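S.K.: turn this into a structure:
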Amino acid sequence: MSFIDAYPTQGEIDEGKYRSSNLRMTKSDSDPIGLFLVTYSAGGEKLLFRYPYESTLNPDEKKSDYSNNRFIMKDSLIVSYEVPKYDYSVVARDGLLTGFSDKALANLLAPTKPDFCGQKFEVKINDVNFVGFPTVVNVMKDGVHCHRLQQTDFVFNVVFALRAWVSPEMVATYQDLSRQLAVALCHEEHRVGYLSTQKQTMLSIVDDYSSHVETDCTLDAAIFSKCLESSSLAKTLRKVYDDICLTGTVQVYINNWIAINLCLKPKVSGLVFQRSWGDCPFVLQPQVLQRCIKAIRPYHAFLLTEEERILVDSLPLDASPTLVKLIRVSSPLKNLQSLAAEADLDMRQVVRLVASLVYWGKAMILFPLCETNNYMVAPLTNTSLNSLLVQRFQDHFPDLSLPMILSEFSMPCALKDHRDVLGVQQNPGQDVQVVIWLMRHRLIFQVHTFIHLLPKDANAGKSQAQYRLRMLSKSRHKAANEDDDDDIDLELSRDNDDRFSGPSNRLTNLRLVPSSMKQRHHSQPGELFAKFTAGERQTIFACTAKEEDLLLLERLSKYLNGQFHLEAIMFYENIRRSQLVALIDKFRDILLIKQHEEADIAYWIYMR
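M.R.: Okay, here's the model as predicted:
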């Protein structure tokens, strides 16, 4: 059983098995309250379609059915001495919009002046924020498009109703989606008159129904249900709403011609963690995701969050063939550099494709699995014996116990030390599959080793380590911001490193390095550690080490600031782990060693 089996497939969504009644139980703050299509023309404002289309009037606004009962005193004759309490909320408990009639929504959401069109639209009323992108449509006449406003021209607006406390980034995302829909509808209108046809279809249904209604009450849900049966545009808008609430991604075609693609990252990340932990622990901010994407390096690997077959089948028809090729050869045991050589792709292209998969929630970044990797249980992991993950783990690995496995990762330890517990003797390679399953469900994370070079000042007689550590911690954020602004450049590696390139890889090794690391200073023996004080150099030279060790330490000193872990240093300098470990042992007295996660990559650990 896959970890995504409990969630509806795209086919089930298209068949209509999951609708608004199912969605309200899993709504989050980032989900829209409703979707509306309004128009304004010479005939006035019209609400052509809304979804969900349940009744939207408050119970106290509906007409009472006892007005003709002579034994019941009317409300106007009852004297009340209580101060009336007003509820300014227009969102019902089930997540539906209340308190607005269809006529009021049409007057509110349809701009009457062309000057308000072609730009972002936002109206906030109490706890609801209406956002959209109104657009003017010049209707075609005899196949000729008129650039001047005519009597047949009209304004339309696809509006999303959001909660008032939604972040500005999320508001901008929905406005962009409304803009994409407006541009696509205008294109189809100019091509085949699609929007005019759909408008007339829905308008005729609304007018025909309204002529039989003598009250000012909201149009019955049957009218919009009939629009769904007759209008392909109404079906497309319903699919947009359902896809947002169910998957957080929008992949639809307007008139089976123009593709609309959008990803609501907070919703996607929430569903990913809901599948892993049983709930949505946090809302992912866009800047956190951007830092993760900028931190991707050739020594990283990526792990698909879905099965390869399911992911390939879900790709749009116009997906890049290179993306499919990369997915086919992907493996958490290989870094991006090896995958680029195996797939015969440019390194920059591989990084962009992986960044796209991460953005759409289809992959996660990690370091390639190997025996020397240290792993630890994530702080927010559900360790209950009755959790749903225990049963899922049992389905994949019948002979193993999830609580037992997690107990072995309670403290950071190398993967090779857990071989007996993971059952390698009975099934070689099973340990890799177990770690992949745990990583995919965010139950464990990798712990990296970071190093600070902190020599004390021998002349001062007092350690300067604390002072230098404070200075390094202050400059860490500044250096990180500078690296974010650096362009990614390609640099040729002189030597092949067995750690990052296999023996069969005869291609030139390409690496992505920040431009700030391009300039390398090779000091002469007499100029070693020139950036340190005389007392600190005396402390460094007092260590029992050979001259080549001092040269190597000075060469690596730019990495010994707590910002680069061992694997990154090995990649950038093409040195083996054994060399680096031996160097650390020789200068251990002046080094501060710490172990923690790679913060930009493992952003999900402490974000509950």
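S.K.: beta partners for the nearest residue to residue 159 once chain neighbours are set aside?
M.R.: What sits nearest to residue 159 in space, not counting adjacent residues and going by C-beta to C-beta, 6 or more residues apart in numbering, is residue 132, at 3.9 Å. Quick note: C-beta positions are derived from backbone N, CA and C, even for glycine. Following DSSP bridges, residue 132 is listed with bridge partners residue 121.
S.K.: what's near enough to touch residue 132?
M.R.: Contacts were defined as C-beta atoms under 8 Å, 6 or more residues apart in numbering; by that measure residue 132 touches 109, 120-121, 157-160, 175, 178.
S.K.: narrow those to just the buried residues.
M.R.: In the contacts of residue 132, burial by neighbour count holds for 109, 121, 157-160, 175, 178, counting by 16 or more other C-beta atoms under 10 Å.
S.K.: ok, longest helix in this structure?
M.R.: Looking across the chain with DSSP state H, the single longest helix is helix 168-192.
S.K.: now what about that helix, what contacts it?
M.R.: Applying C-beta under 8 Å, 6+ apart, the set of residues contacting helix 168-192 is 30, 32, 120-122, 129, 131-135, 137, 139-140, 145, 156-160, 162, 194-196, 233, 240, 250, 254-255, 257-258, 260, 262, 264, 266, 285-286.
S.K.: model confidence over the helix or strand just after it, on average?
M.R.: Later in the chain than helix 168-192, the nearest helix or strand by DSSP states H and E is helix 194-210. Over the span of helix 194-210, the pLDDT mean works out to 86.
S.K.: try stretch 333-347
M.R.: On average, stretch 333-347 scores 94.
S.K.: how about stretch 539-557?
M.R.: The predicted model gives stretch 539-557 an average pLDDT of 89.
S.K.: would you mind measuring the gap between the ends of it?
M.R.: Using C-alpha to C-alpha, to the nearest Å, the gap from the first to the last residue of stretch 539-557 comes to 15 Å.
S.K.: what values do phi and psi take at residue 135?
M.R.: phi -140, psi 140 (degrees, to the nearest 10).
S.K.: wait, what's in contact with it?
M.R.: Shown in contact with residue 135 (C-beta under 8 Å, 6+ apart): 117-118, 155-157, 182-183, 185-186.
S.K.: I'd like these written out as a markdown table, with pLDDT and distance to residue 451 added.
M.R.: Output for the contacts of residue 135, formatted as a markdown table (pLDDT from 0 to 100; distance: C-beta to C-beta, whole Å):
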| residue | pLDDT | distance to residue 451 |
| --- | --- | --- |
| 117 | 87 | 59 |
| 118 | 89 | 55 |
| 155 | 91 | 63 |
| 156 | 93 | 60 |
| 157 | 94 | 57 |
| 182 | 95 | 54 |
| 183 | 95 | 52 |
| 185 | 95 | 57 |
| 186 | 93 | 58 |
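S.K.: show me which of these is closest to residue 291.
M.R.: Closest to residue 291 out of the contacts of residue 135 is residue 183 (30.6 Å), distances taken as C-beta to C-beta.
S.K.: now do that closest one: how many residues are near it, please.
M.R.: For residue 183, the tally of surrounding residues (other C-beta atoms under 10 Å) stands at 15.
S.K.: likewise residue 550?
M.R.: Applying other C-beta under 10 Å, we find 18 residues neighbouring residue 550.
S.K.: quick check: which element contains it?
M.R.: Taking DSSP H and E as the criterion, the element that holds residue 550 is helix 547-556.
S.K.: name the residues of that helix that are buried.
M.R.: For helix 547-556, the buried set under the neighbour-count rule, 16+ other C-beta under 10 Å, comprises 549-556.
S.K.: give me the low-pLDDT residue ranges for the stretch 401-550 of the chain?
M.R.: For the stretch 401-550 of the chain, applying pLDDT under 70 flags the ranges 418-428, 458-527.
S.K.: 50 instead?
M.R.: 421-424, 462-464, 467, 469, 471-472, 474-511, 513-525 (pLDDT under 50).
S.K.: now do the contacts for the residue nearest to residue 383 when sequence neighbours are not counted.
M.R.: The shortest distance from residue 383 to any residue that is not its chain neighbour, by C-beta to C-beta, 6+ apart, is 6.2 Å, and that residue is residue 406. If a contact means C-beta under 8 Å, 6+ apart, then residue 406 has 377, 381, 383, 438, 443-444 as its contacts.
S.K.: and the helix or strand following the helix holding residue 550, which strands flank it?
M.R.: Where DSSP H and E defines the elements, the next helix or strand beyond helix 547-556 is strand 561-565. Strand partners for strand 561-565, identified by DSSP bridges, are recorded as strand 444-453 (antiparallel).
S.K.: I figured residue 259 hits residue 319, correct?
M.R.: No - using C-beta atoms under 8 Å, residue 259 is not in contact with residue 319, being 10.6 Å away.
S.K.: give the contact list for residue 311.
M.R.: Listed by C-beta under 8 Å, 6+ apart, the contact set of residue 311 reads 304, 327, 362.
S.K.: could you report the distance from the second one to residue 354?
M.R.: When C-beta to C-beta, to the nearest Å is applied, the distance between residue 327 and residue 354 equals 10 Å.
S.K.: same question for residue 201.
M.R.: Counting by C-beta to C-beta, the gap between residue 201 and residue 354 amounts to 44 Å.
S.K.: avg pLDDT for the helix or strand hosting residue 292?
M.R.: Element membership for residue 292, per DSSP H and E: helix 286-294. Averaged over helix 286-294, pLDDT sits at 85.
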